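**Q** would you be able to build a 3D model of this:
(2 chains)
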Number of protein chains: 2
Amino acid sequence: MTVARKMLQTAVSAGVEICFANPGTTEMAWVSALDQISGLRPVLCLFEGVCTGAADGYGRMKGAPALTLLHLGPGFANGIANLHNARRARTPVVNLIGDHATRHQDADAPLASDIESLAKPVSAWLRSTSSPEAASADLGEAIVESGGCPGQVCSLIVPADLAEASLSGPPPSPRPRRTPPKVAADTIDAVARQLHQVTEPVTMLLGGNALSREGLEAAGRIAAKTGARLVTETFPARWERGTSVPAAERLPYLPEQATAFLGKTECLWLAGARSPVAFFAYPDIPSVIAADIPRCVLAKPEEDAAQALIELADALDAQAQPPFAPRVAAPPLGTGGLDPLQLGAILAHRLPEAAIVVDEAATSGLPFSLAGSGAADHTLLTLTGGAIGQGPPCATGAAIACPDRTVIDFQADGSAMYTFQSLWTQAREGLRVITVLCANRAYRILRVELARAGVAEPGPHARALTSLESPTIDWVLLAQSLGVPGERAATSEGFDAALRRALAAEGPAFIEVVL
Amino acid sequence: MTVARKMLQTAVSAGVEICFANPGTTEMAWVSALDQISGLRPVLCLFEGVCTGAADGYGRMKGAPALTLLHLGPGFANGIANLHNARRARTPVVNLIGDHATRHQDADAPLASDIESLAKPVSAWLRSTSSPEAASADLGEAIVESGGCPGQVCSLIVPADLAEASLSGPPPSPRPRRTPPKVAADTIDAVARQLHQVTEPVTMLLGGNALSREGLEAAGRIAAKTGARLVTETFPARWERGTSVPAAERLPYLPEQATAFLGKTECLWLAGARSPVAFFAYPDIPSVIAADIPRCVLAKPEEDAAQALIELADALDAQAQPPFAPRVAAPPLGTGGLDPLQLGAILAHRLPEAAIVVDEAATSGLPFSLAGSGAADHTLLTLTGGAIGQGPPCATGAAIACPDRTVIDFQADGSAMYTFQSLWTQAREGLRVITVLCANRAYRILRVELARAGVAEPGPHARALTSLESPTIDWVLLAQSLGVPGERAATSEGFDAALRRALAAEGPAFIEVVL
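**A** I've put the predicted structure just below:
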């Protein structure tokens, strides 16, 4: 049996079901082995950034890692941006990277590169396999270390000759994946005592699996008991929300707005969230948001924040509550020209039960971010690491993880252009992804940033560098070229009708919304 | 004056004319500064892999660096694959990467990452600027170090606050760019003496600027005088060829073929070429090609091989010669179904004088590679580093460097899908690029590699992972969606007519060739 086959059997034994692949010559042993085993479904992506973004979306929804299969340094490098997002989301992902055969590495062949230097910045666990005997155990360890929810990105580099080698004996027995560390009972008791003592309501900043249904239900009990305000990180990896889930407010993006939003609360309790910092630096604005509010930690980002909230709610004797917040009435559906407000309202209004919304809509997405809390129950996945081009592949992976749910990729145009190849995989796999593409034909956020930097009237170069016009991209044609049927909407009624058609259809669909 | 403005003035003073940009928030100071200076033309690319591939194509044709402007670690990472190709091509490229403001770096904001670790594998020169005062000098040094032909990739990381700072005083005076080291006269004399003594004709393996017109003319004189055989590297960065240039044969791709091709020559003389190695390792085939043939070095890859050949020809008293090889008669243009042979013949036949051909046609490209030596004079740029997705951006950059020449991107479909965003830039800039897309609807090279690995009949997973079918990509729609007019050809007559129409038109054009 080849080492490659044994490795893939190890992965299957450890519960890995999906491999997002864009292999090359050095990965042929695994490609062949995929036909010799069962239980591991390969999904071809036509660019590595799609593989890694799909693995991120899959891992966020499944709480378990997918494999990626990537080709040497340059192939891996194409996947780094979305691994950066996965790292920030604490998504379990296992990258399997073929390298040149051991005996070929001194030759410095054209594709040779320093894969470890490339992989290190995005990998919590990184190893180069050194012998055929070690390969399966190494992959098993990568899977164990990838964990679950929260998890981490693990990368294994395997020279092609080791994967091609023959080896007898069974693959190693899998160990269970690492689970997130539990918060110590002492910590929970201490927090409970402190919450009894505070004189004014506190604010809880929720992140990680605190934003699961279980976590939010516990947080809702605590809020009802103590008056605590529930706030989510600005870019949660996965946020369950809708009418039947206790609502939380989302921390604003701009640092001065975030600081004002948090106001004068006595303490900022962190439950699975990092202490908030500005996305970018601005003159005279501190990096730390609301720096004068003390932080107290209930659960670190890598810990099981949901379980900590449940135990805290129990310690506070906080009873189960009906949903914490009333359904936010969606604004009335308007007619005529579309703007982000109308778009968000229609999307919130039409959202099917149990939808998964991937929000990479950037400046066009804010109204939905607010209106969506009152929509049907859904899962929201956001751009955790700021590396654009996450939406289309993340939606692809989420749809593979959850074939019975509708996935909506709520998508900015500038970002979509980075990983548009995802649509081909959506078409090939018949995935239930509806892309709602917000065509404002600009890197609008950069216009905002230019204005913040004092450039109210950008010159011709600055305008050109932030414009997606000249030529205008025909997104409907682009989607069709990759096998996804599309239509264009420029009015509220038009978008509403297009969305209803897409929801009634099967397979992927695409709507270009002209803003 | 801002540091950013001063830096760009430094670049202009040093002769930099073009900036391929996909900026983000941390690059806004340079975006603003572009409107405050003159002489530096920004070109927006909708993905960083297009920026870096375009800088590679530009640098190969211009012999001078373009700037790239890239956003933090993830943005830079998207450009790594084509920088890998540029590194292998020894192309002068200067990457300017914005980083978070100095005071913001401890915050570990969402986009923070280890840019140096990402940049090191592809950068011959790498620096993080540490003060506003140093920034312009650092950029000047990067430009100096990038050199020319051959040159190298230089990367400068500048925190946003340093770029935004104000600074008085003029920008530093530019130093001239580094020129490639000259080969020592002693070496040339020694080679001349050895060539007098050899008893059988030698083979000269040409790379780097040995494949310039000057280099090849000198090599042709040497060949005529000594009977030396002229062979090029398998993947030359830039190869001048056609009826009026001494012809050279191209070293085959597969190692056993390359070794057989070189045969029993007494010595392999390296002029700007690396000692040849296999692209990939195969069982029982050595990594070093023709390992039993001694190597002798006239010029190292980083040296001025063209000048060394001229001096060697003079030392040998080799007279100027008429073109070394007769024009290879193009095979007759056939009719009916197209195959790579017909495609190559038609392309060679119709090639306009002084065309630039970017060859990323992979398995479909071999016949043109042979037939093209007898075509009208043209420049051939190839996939030096094996990182696919090089053709469309490289053609984009070459067209910007040489606006009076027609660029033909002879392109494989699997590779094109990596960086098809290039077409939008071709449309926006009105570039004279004709993409000839070879749609064999497979990663055909991987089928070859599977067969070489003994998998004559790939299983369903291996077939699916090497197929671009289901769905079939409609390349003509895709090109049109990005503003490039396209048509499809499935017969020899159809391709010939489409190519003639494209050559007669202005601006970019696209032909999908169904193979």
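**Q** quick one: least confident helix or strand in chain A?
**A** Lowest on mean pLDDT, DSSP states H and E among the helices and strands of chain A sits helix A:366-371, with a mean of 91.
**Q** what does it contact?
**A** Applying C-beta atoms under 8 Å, 6 or more residues apart in numbering or on different chains, the set of residues contacting helix A:366-371 from outside is A:250, A:328, A:330-331, A:340-341, A:343-345, A:347-348, A:357, A:359, A:361, A:380, A:410. Just so you know, the C-beta spots here come from the backbone N, C-alpha and C atoms, and that holds for glycine as well.
**Q** just the CA trace of that helix, in CSV.
**A** Listed in CSV are the C-alpha atoms of helix A:366-371, where the atom choice follows Å, rounded to 0.1, in the frame of the first residue of the first chain:
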residue,chain,number,x,y,z
LEU,A,366,-24.1,47.2,6.9
PRO,A,367,-27.9,47.6,6.7
PHE,A,368,-28.4,43.8,6.4
SER,A,369,-26.0,43.4,9.3
LEU,A,370,-28.5,45.4,11.4
ALA,A,371,-31.8,44.2,9.8
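**Q** thinking again about what came up before, among the contacts of helix A:366-371, which are in helices?
**A** Where the contacts of helix A:366-371 overlap with helices, as defined by DSSP state H, the overlap consists of A:340-341, A:343-345, A:347-348.
**Q** which of these lies closest to chain B?
**A** Nearest to chain B among the ones in helices among the contacts of helix A:366-371 is A:P340, at 20.0 Å by C-beta to the nearest C-beta.
**Q** apart from its chain neighbours, what residue comes closest to the closest one?
**A** A:S364 (4.6 Å; C-beta to C-beta, 6 or more residues apart in numbering or on different chains).
**Q** separation between that neighbour and chain B?
**A** From A:S364 across to chain B, the span is 17 Å (C-beta to the nearest C-beta, to the nearest Å).
**Q** that residue contacts A:L437, doesn't it?
**A** No. Using C-beta atoms under 8 Å, A:S364 is not in contact with A:L437; the gap is 9.6 Å.
**Q** tell me where the stretch 51-200 of chain A has strands.
**A** A:66-71, A:93-99, A:125-128, A:153-159 (DSSP state E, counting those that start in this stretch).
**Q** distance to chain B added to those strands, as TSV?
**A** As requested, those are exported to TSV (distance: least, C-beta to the nearest C-beta, whole Å):
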stretch	distance to chain B
strand A:66-71	9
strand A:93-99	10
strand A:125-128	11
strand A:153-159	9
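**Q** now mean neighbour count, mean pLDDT and distance to B:A497 too, for these, in a markdown table please.
**A** Written out in a markdown table, the entries for the strands of the stretch 51-200 of chain A read as follows (neighbours: other C-beta atoms under 10 Å in any protein chain shown; pLDDT from 0 to 100; distance: least, C-beta to C-beta, whole Å):
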| stretch | mean neighbour count | mean pLDDT | distance to B:A497 |
| --- | --- | --- | --- |
| strand A:66-71 | 29 | 98 | 38 |
| strand A:93-99 | 29 | 98 | 43 |
| strand A:125-128 | 18 | 98 | 53 |
| strand A:153-159 | 26 | 98 | 49 |
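**Q** now these in a markdown table, with distance to A:L270?
**A** Supplementary listing: those in a markdown table, determined by distance: least, C-beta to C-beta, whole Å:
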| stretch | distance to A:L270 |
| --- | --- |
| strand A:66-71 | 29 |
| strand A:93-99 | 25 |
| strand A:125-128 | 25 |
| strand A:153-159 | 22 |
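**Q** gap between the two ends of stretch A:206-214?
**A** 12 Å (C-alpha to C-alpha, to the nearest Å).
**Q** what's the mean pLDDT across it?
**A** Averaging pLDDT along stretch A:206-214 yields 98.
**Q** touching that stretch from outside, list them.
**A** Outside of stretch A:206-214, the residues within contact range by C-beta under 8 Å, 6+ apart are A:90, A:149-150, A:180, A:215-216, A:219, A:230-233, A:236-240, A:245, A:248, A:270-274, A:299, A:301-306, A:308-310.
**Q** give the buried residues for that stretch.
**A** The neighbour-count criterion (16 or more other C-beta atoms under 10 Å in any protein chain shown) identifies A:206-213 as the buried residues of stretch A:206-214.
**Q** cool, stretch A:390-402 as well?
**A** Taking 16+ other C-beta under 10 Å as the criterion, stretch A:390-402 shows A:390-402 as buried.
**Q** now intersect the contacts of stretch A:206-214 with the strands, please.
**A** Among the contacts of stretch A:206-214, DSSP state E puts A:230-232, A:239-240, A:270-271, A:299 in strands.
**Q** now, the most widely separated pair of those?
**A** Distances among those were taken as C-beta to C-beta; the most separated pair is A:E240 and A:L270, at 19.0 Å.
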